[in-house]
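Novice: build me a model:
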Amino acid sequence: MTVSPVGGFGIYVHWPFCLAKCPYCDFNSHVRHQPVSQEHYAKALATELARCAQMVPGRTVDSVFFGGGTPSLMEPKTVETILNEVARLWHLPSTAEISMEANPTSVEATRFAGYRSAGVNRLSVGIQALDDNELKILGRQHSVSEAIQAVEIARKTFPHISFDLIYARPNQTLTAWEQELNRAIDLAADHLSMYQLTIESGTMFQRLYAAGKLEMLDPDLAADMFDLTQKVTAARGLPAYEVSNHAVPDAQCQHNLIYWRYGDYVGVGPGAHGRLTLEDGTKLATSTEKHPETWLGLVESQGHGSISEDILGHGEQGDELLLMGMRLHEGIDVPRYEQLSGRQFNPQRLLNLQENGMVEWVSNTRLRATQAGFPLLDAVIAELASD
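Specialist: Below you'll find the predicted structure:
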């Protein structure tokens with residue numbers, strides 16, 4: 001039995017279906033007005049998993065993550081089938097984190113006990129706002145009272161829970177966000193994910209914004225909200241361990257840490273991506289067909305829904321490690337970056353970033369963005385990546 005690669009080894013399972021498409025969302029999610037055959041999809045996901053196990057055999061699985069879409073539209077039996085297949089193909093220890101994203105509608109909340117029995121030990125609830133009017137603007141299908149009830153059920157059912165909020169919403173004030181944030185922390189158990197609202201290509205919000213029917217928050221006010229978020233969460237015991245994620249000690253999302261630490265992960269299901277280090281050291285970037293029914297047809301006809309499996313060069317691996325790792329409070333291991341990328345940082349650019357208070361050394365080998373650098377992270381990373 002081989003151990004996990006550097007950064008860990010995870011399994012991502014994409015369930016692409018939603019009750020409705022949220023106007024801000026650019027994820028690969030689809031609405032179907034007729035029930036889908038969960039048995040067919042579970043079988044297809046198991047087929048893709050088996051093929052991936054041939055590519056990276058003998059691994060120890062650190063985490064499994066059911067994302068979407070809305071995975072909590074899955075039957076608990078479907079979840080159990082997939083987890084049993086993961087355990088058959090690789091080593092799945094009892095300590096592995098098994099996460100699932102869920103929406104706080106009453107229908108889905110009743111399934112929580114079934115998911116726990118199936119093996120899920122961490123639930124991430126998509127709340128997005130603690131204001132009923134704001135929830136309507138965001139196109140959510142639940143009310144605040146349903147959200148609170150779902151979180152309370154989840155807390156009694158799962159060892160670990162998290163929930164998401166979106167801030168910097170149109171017309172939101174700093175005072176209103178502080179009140180909502182404190183209410184969220186009162187409700188939270190050990191983890192919160194908080195994202196600034198952004199306009200994503202191909203979304204309803206993008207079309208409204210382009211037509212002048214949606215006004216985004218002033219960037220300076222949005223930056224103030226980011227700073228406030230860091231301050232309040234740290235003071236209340238949930239400091240940021242990544243740009244948008246906050247947790248009490250030892251409650252970080254282990255699956256997402258695999259992404260950010262540039263580990264390996266299998267991606268199965270429509271539109272899933274993966275990063276796999278093969279036995280010969282080759283690093284593959286994998287992706288699957290996005291359209292659910294097309295993906296299903298491909299798996300049933302050829303044994304997988306893959307549309308690309310690209311070998312990543314040293315420069316690409318270094319860029320990806322930088323892009324993911326600099327999001328973390330712990331930063332990146334610079335010798336690992338140098339080994340993967342085959343290059344060193346430009347000394348003058350690095351010095352300029354340090355002198356401007358954008359990055360700092362955590363130890364002799366670890367570099368991270370500062371609190372001032374995080375809001376300008378894209379520019380910081382671009383500077384580090386330049387020769």
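
Novice: and M55, how far from L278?
Specialist: From M55 across to L278, the span is 6 Å (CB to CB, to the nearest Å). Glycine gets a C-beta too; all of them are placed from N, C-alpha and C.

Novice: just P292 next, same as before
Specialist: 28 Å.

Novice: got a list of what K43 touches?
Specialist: Residues near K43 by CB atoms under 8 Å, 6 or more residues apart in numbering: none.

Novice: that one in helix, strand or coil?
Specialist: helix (DSSP: H, G, I helix; E, B strand; the rest coil).

Novice: could I have stretch 350-366 exported to CSV, CA atoms only?
Specialist: Taking Å, rounded to 0.1, in the frame of the first residue of the first chain, the C-alpha atoms of stretch 350-366 are listed here in CSV:
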residue,chain,number,x,y,z
LEU,A,350,10.7,39.2,-4.2
LEU,A,351,12.5,42.0,-2.3
ASN,A,352,10.1,44.6,-3.7
LEU,A,353,7.1,42.6,-2.5
GLN,A,354,8.7,42.2,1.0
GLU,A,355,9.6,45.9,1.2
ASN,A,356,6.0,46.8,0.2
GLY,A,357,4.6,44.6,2.9
MET,A,358,2.9,42.1,0.5
VAL,A,359,4.8,38.9,1.4
GLU,A,360,6.8,37.6,4.4
TRP,A,361,8.9,34.6,5.3
VAL,A,362,7.2,32.4,7.9
SER,A,363,10.4,30.4,8.3
ASN,A,364,13.6,29.8,6.4
THR,A,365,11.7,27.9,3.7
ARG,A,366,8.1,29.1,3.8
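
Novice: quick one: the nearest residue to L135 once chain neighbours are set aside and G7, what's the gap?
Specialist: What sits nearest to L135 in space, not counting adjacent residues and going by CB to CB, 6 or more residues apart in numbering, is A129, at 5.1 Å. According to CB to CB, A129 and G7 sit 33 Å apart.

Novice: does P104 touch V144 like I think?
Specialist: No - with contact defined as CB atoms under 8 Å, P104 does not reach V144; the gap is 9.4 Å.

Novice: neighbour-wise, which of the two wins?
Specialist: P104 (26 against 18; other CB atoms under 10 Å).

Novice: D164 is in contact with the residue nearest to L135, correct?
Specialist: No - using CB under 8 Å, A129 is not in contact with D164; the gap is 9.8 Å.

Novice: higher neighbour count, these two?
Specialist: Neighbours per residue (other CB under 10 Å) separate A129 from D164, with A129 holding more: 22 against 18.

Novice: for stretch 189-208, which residues meet the burial criterion?
Specialist: 189-194, 196-197, 203, 205-206 (16 or more other CB atoms under 10 Å).

Novice: residue closest to the middle of the chain?
Specialist: By CA atoms, centre = their mean, the chain has its centre lying nearest to N256, at 5.7 Å.

Novice: quick one on the thing from earlier: the more surrounded of P292 and L278?
Specialist: P292 (24 against 12).

Novice: correct me, but that one touches C18?
Specialist: No - at 11.2 Å, P292 does not count as touching C18 under the criterion of CB under 8 Å.

Novice: shared neighbours, the two?
Specialist: Residues touching both P292 and C18 (CB under 8 Å, 6+ apart): H30.

Novice: mind checking pLDDT for V3?
Specialist: pLDDT recorded at V3 is 50.

Novice: what does the one 4 residues further on give?
Specialist: Among the per-residue scores, G7 holds a pLDDT of 91.

Novice: quick one: contacts for it?
Specialist: G7 touches 258, 261-264, counting by CB under 8 Å, 6+ apart.

Novice: same check on Y265?
Specialist: 9-12, 255, 258-259, 274-276.

Novice: so what's it bridging to?
Specialist: As for beta bridges, Y265 partners with G10, R275 under DSSP bridges.

Novice: could you pull out the strands in the stretch 1-150 of the chain for me?
Specialist: 9-15, 17-18, 30-31, 63-68, 97-102, 122-128 (DSSP state E, counting those that start in this stretch).

Novice: JSON lines for those strands, including mean neighbour count?
Specialist: Formatted as JSON lines, the strands of the stretch 1-150 of the chain follow (neighbours: other CB atoms under 10 Å):
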{"stretch": "strand 9-15", "mean neighbour count": "26"}
{"stretch": "strand 17-18", "mean neighbour count": "20"}
{"stretch": "strand 30-31", "mean neighbour count": "14"}
{"stretch": "strand 63-68", "mean neighbour count": "26"}
{"stretch": "strand 97-102", "mean neighbour count": "24"}
{"stretch": "strand 122-128", "mean neighbour count": "25"}
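
Novice: would you single out the least confident of those?
Specialist: strand 30-31 (a mean of 85).

Novice: describe which strands that one pairs with in its sheet and in which direction.
Specialist: By DSSP bridges, strand 30-31 pairs with strand 17-18 (parallel).

Novice: brilliant, that's me finished.
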